[in-house]
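Enquirer: Just the structure for this:
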Amino acid sequence: MDAREGVWSPENGDFISDGPDILTKTDIERLGRERPSMLTKASEVGFVFTIIVSMMMSEYFISGFNIILPTVADELRMPDSQRTWPSEVINLTTAALLLPSARLCDQYGGRIIFLLGHAWLMTWSLIAGFSQNPTMLIVCRALQGIGSGAFLPAGIALLGQTYRPGPRKNLVFSFYGAMACIGFYFGIFMGAIAGQLLDWRWYFWIGTILVLMNSVTGFLTIPRHLGDGDPGVRMDWWGFATIVPGIVLVVYALTDGSHAPNGWATPYIIVTFVVGVLLLCAAVYIEGWVAEQPLLPFELFKAKYMRRLSISMFCCYGVFSLFLFYSSYHLQNVIHTTPLQTAAWFTPLAVGGMFLAIGGGLALHLLSGRILLIISSLGFLASSLLFALIPDQSATGDSTSFVYWAYVFPSMLCGTIGVDITFNVTNIFITTAMPARLQATAGALINSLLYLGMAFWLGIGELAVSTTVDYRGGEDSLSLRQQYQIGFWLGVGLSGLSLLLNSTINLGEASADETADEKALREQARAQAQTQGQLRQE
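Expert: I've put the predicted structure just below:
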């Protein structure tokens, strides 16, 4: 019998309830499957819908822009040196502001930060559609990232605080994870539609309309009491002053290093990278030993396997970034697919995510976390390896149809297996292991590893490609296909590393259980009761 209240019995070695507030194993199993009492059937559908669509819209504004970028660059007369920034700056601002946004969730409540983040994203998406020059577009894209950085940790916190550990939570988080792939594909599809059939500005305006609709749904369905903040929580300004600029400078150097005039030897790249690393080192000291309420409390990493899991996530999301970036370019520049054809070829990524959301959510409580993480690593490995092994069509004479069904199609399926399982398992494990007061911070950590892992390893991939190309010239210069293979082989190596790490992580099944707060209360009550029992015996 598990209890949260009761009197300790030395004879029975357990609690004997002295009140009605008791949770048996049967109760825990039942609660893990039931709809939260605060939600009706209709409001639960709306609540879950608005949270998972927020993830979709975050990915929409990242992926689809790459499809319309050539058209945008020509119309706005964007110099080659600036063409990287409209795509990457949204990732930079999102990653930098995740942890401060999590603290705002603690202060003012997840509901209000979630809705304000949507309002901010909607505003700057609308304005971005009216951009008249590259500078205006880059500024709008940067400000879009602030909105995503606000509602992503808030969304995970709202789900984590609402659902108990169990099959229902597994299913909800599976849908949430699937939206990363679906949103990525939807962005590519709408970017292709806007680029080929409409004006590129409609890519932003369609996104604006969708964010507005999601905001209204969230306002009506997110329980208001989830918006309660804690007046005792304070912003960690020293952490803010070191973490935010540190992340910005490091991501900036990684993003722009391969495109700078002299590559990584460019002085301003070296300076920004070194200063950024020093600021992050200072942040570690401040968060661990100076701040009273740190933005990134070390308590997050006390859970078993948390450190190894964080490293594995950092590598896995890097693999996914390399896969998405180089596969898009490989399809368009090597196989010569059109934007709409490229979107069609990415369809298995989205469809596979939907099937994993349904099937995975029903199986997460049956299979151990270790098995699931190993499967995800194998998915990442296969997705990168298949693209790395695509033969040169000009030399082999293989048809485009053969290349698609033999290499691209299974690679897309493996890619969605990798990212969906990793995202779902880690979200469920981390939010279950953390008390309610750390749910927003846990969400920020998950998304920080996502965005920083993608930016860091993509920067390393671009560095590897540019370094290799610089040292080769004339007849020995690498073809585009060979350049992209460097990125895919880096993904294969990272997948192997994550496979080794995941094989040592034993998370167990994501079955119905007590929440972290209930476990803490039970342990506290158990300790107090033991002390009282000892005093009585004396």
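Enquirer: Contacts only, for Cys178.
Expert: Careful, residue 178 is Ala; it's not Cys. Contact analysis of Ala178 by Cβ atoms under 8 Å, 6 or more residues apart in numbering lists 52, 353-354, 356-357, 420. For the C-beta atoms, the positions are set from N, CA and C on the backbone; glycine is no exception.
Enquirer: Filter these down to just the ones in helices.
Expert: Members of the contacts of Ala178 lying in helices (criterion: DSSP state H): 52, 353-354, 356-357, 420.
Enquirer: what about the strands in the stretch 1-150 of the chain?
Expert: Assigned strands in the stretch 1-150 of the chain, in chain order: 7-9, 14-16 (criterion: DSSP state E, counting those that start in this stretch).
Enquirer: which one of the ones you listed has the lowest average pLDDT?
Expert: The minimum mean pLDDT among the strands of the stretch 1-150 of the chain belongs to strand 7-9 (a mean of 39).
Enquirer: re the thing from before, which of the ones in helices among the contacts of Ala178 count as buried?
Expert: Buried subset of the ones in helices among the contacts of Ala178 (neighbour count, 16 or more other Cβ atoms under 10 Å): 52, 353-354, 356-357, 420.
Enquirer: and the least confident of those?
Expert: Taken together, these show their lowest pLDDT at Ala357, with 65.
Enquirer: Kindly reformat the ones in helices among the contacts of Ala178 as CSV containing distance to Asn133.
Expert: Below are the ones in helices among the contacts of Ala178 laid out as CSV (distance: Cβ to Cβ, whole Å):
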residue, distance to Asn133
Ile52, 36
Gly353, 37
Met354, 39
Leu356, 42
Ala357, 41
Asp420, 39
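Enquirer: Among the contacts of Ala178, give me the pair with the biggest separation.
Expert: Ile52 and Leu356 (13.6 Å; Cβ to Cβ).
Enquirer: I'd guess Val216 is in a helix, am I close?
Expert: Yes: counting by DSSP: H, G, I helix; E, B strand; the rest coil, Val216 is located in a helix.
Enquirer: What is the burial count for it?
Expert: 13 (other Cβ atoms under 10 Å).
Enquirer: for Leu97, same thing?
Expert: Neighbours of Leu97 (other Cβ under 10 Å): 26.
Enquirer: Let me see the contact set for the nearest residue to it once chain neighbours are set aside.
Expert: Leaving aside its sequence neighbours, Leu97 sits nearest to Gly149 (Cβ to Cβ, 6 or more residues apart in numbering; 3.6 Å). Counting by Cβ under 8 Å, 6+ apart, Gly149 makes contact with 93-98, 101, 117.
Enquirer: what does Pro297 give?
Expert: 287, 438, 441.
Enquirer: Among the contacts of Ala178, which one lies nearest to Gly229?
Expert: Ile52 (23.7 Å).
Enquirer: Verify the stated contact: that closest one with Met179.
Expert: Yes: Ile52 is within contact range of Met179, at 4.7 Å (criterion: Cβ atoms under 8 Å).
Enquirer: Gln293 sits in which helix or strand?
Expert: According to DSSP states H and E, Gln293 maps onto no helix or strand at all.
Enquirer: How about the contacts made by it?
Expert: Contact criterion Cβ under 8 Å, 6+ apart gives 103, 233-234, 236 as the residues in contact with Gln293.
Enquirer: Redo the contacts of Pro297 as JSON lines? Include secondary structure and pLDDT.
Expert: Below are the contacts of Pro297 laid out as JSON lines (DSSP: H, G, I helix; E, B strand; the rest coil; pLDDT from 0 to 100):
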{"residue": "Glu287", "secondary structure": "helix", "pLDDT": "86"}
{"residue": "Leu438", "secondary structure": "helix", "pLDDT": "72"}
{"residue": "Thr441", "secondary structure": "helix", "pLDDT": "79"}
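Enquirer: Please report which of the residues you listed has the highest neighbour count.
Expert: Thr441 (25 neighbours).
Enquirer: what's near enough to touch that one?
Expert: Here Thr441 is in contact with 99, 102-103, 106, 153, 295-297, 300, 434 (Cβ under 8 Å, 6+ apart).
Enquirer: mind running it again at 7 Å?
Expert: 102, 297, 300 (Cβ atoms under 7 Å, 6 or more residues apart in numbering).
Enquirer: ditto for Asn66
Expert: With Cβ under 7 Å, 6+ apart, Asn66 has these contacts: 87, 328.
Enquirer: List of residues touching the strand or helix carrying Gly493?
Expert: If you go by DSSP H and E, Gly493 is part of helix 480-502. Helix 480-502 is contacted from outside by 308, 311-312, 315-316, 318-319, 322-323, 325-326, 329-330, 333-334, 370, 373-374, 377-378, 380-381, 384-385, 387-388, 392, 457, 460-461, 464-465, 468-469, using Cβ under 7 Å, 6+ apart.
Enquirer: export the contacts of Gly149 to a markdown table and tack on distance to Tyr163 and pLDDT?
Expert: Formatted as a markdown table, the contacts of Gly149 follow (distance: Cβ to Cβ, whole Å; pLDDT from 0 to 100):
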| residue | distance to Tyr163 | pLDDT |
| --- | --- | --- |
| Thr93 | 29 | 87 |
| Thr94 | 25 | 88 |
| Ala95 | 26 | 83 |
| Ala96 | 29 | 85 |
| Leu97 | 26 | 87 |
| Leu98 | 21 | 87 |
| Ser101 | 21 | 88 |
| Gly117 | 21 | 95 |
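Enquirer: Phe151 - how many residues pack around it?
Expert: If you count neighbours by other Cβ under 10 Å, Phe151 ends up with 32.
Enquirer: so it sits right up against Met55, yeah?
Expert: No: contact between Phe151 and Met55 fails when scored by Cβ atoms under 7 Å: they sit 9.2 Å apart.
Enquirer: in stretch 305-324, what's buried?
Expert: 305-306, 309-310, 312-324.
Enquirer: Also stretch 197-209?
Expert: Neighbour counts using 16+ other Cβ under 10 Å place 200-208 of stretch 197-209 among the buried residues.
Enquirer: do the same with stretch 117-135
Expert: 117-118, 120-129, 131, 134.
Enquirer: where exactly do the helices run in the stretch 251-400 of the chain?
Expert: Per DSSP state H, counting those that start in this stretch, the stretch 251-400 of the chain carries helices over the ranges 267-285, 306-329, 339-345, 347-363, 369-388, 393-396, 400-403.
Enquirer: Likewise for the stretch 51-200 of the chain?
Expert: Taking DSSP H, counting those that start in this stretch to define them, one finds helices in the stretch 51-200 of the chain at 85-108, 110-128, 134-162, 167-196.
Enquirer: Just send those back as a markdown table, with distance to Ser479 too.
Expert: A markdown table is the format used below for these (distance: least, Cβ to Cβ, whole Å):
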| stretch | distance to Ser479 |
| --- | --- |
| helix 85-108 | 24 |
| helix 110-128 | 35 |
| helix 134-162 | 30 |
| helix 167-196 | 25 |
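Enquirer: closest to Ser503 out of those helices?
Expert: Once these are compared by Cβ to Cβ, helix 167-196 is nearest, at 21.5 Å.
Enquirer: And the closest one, how far out from the chain middle?
Expert: Computed by Cα atoms, centre = their mean, to the nearest Å, the chain-centroid distance of helix 167-196 equals 12 Å.
Enquirer: And for stretch 219-233?
Expert: That offset, for stretch 219-233, works out to 23 Å (Cα atoms, centre = their mean).
Enquirer: and for that stretch, what are the contacting residues?
Expert: The contact list for stretch 219-233, computed with Cβ under 7 Å, 6+ apart, reads 38, 43, 46-47, 50, 103, 106-112, 114-115, 158, 161-162, 293.
Enquirer: Check stretch 378-390 too.
Expert: By Cβ under 7 Å, 6+ apart, the residues outside stretch 378-390 that reach it are 316, 319, 322-323, 327, 330, 403, 407, 410-411, 414-415, 417-418, 421, 485, 488-489, 491-492, 495-496, 498-499.
Enquirer: For the protein, name the helix or strand with the lowest mean pLDDT.
Expert: The least trusted helix or strand in the chain, going by mean pLDDT, DSSP states H and E, turns out to be strand 7-9, with a mean of 39.
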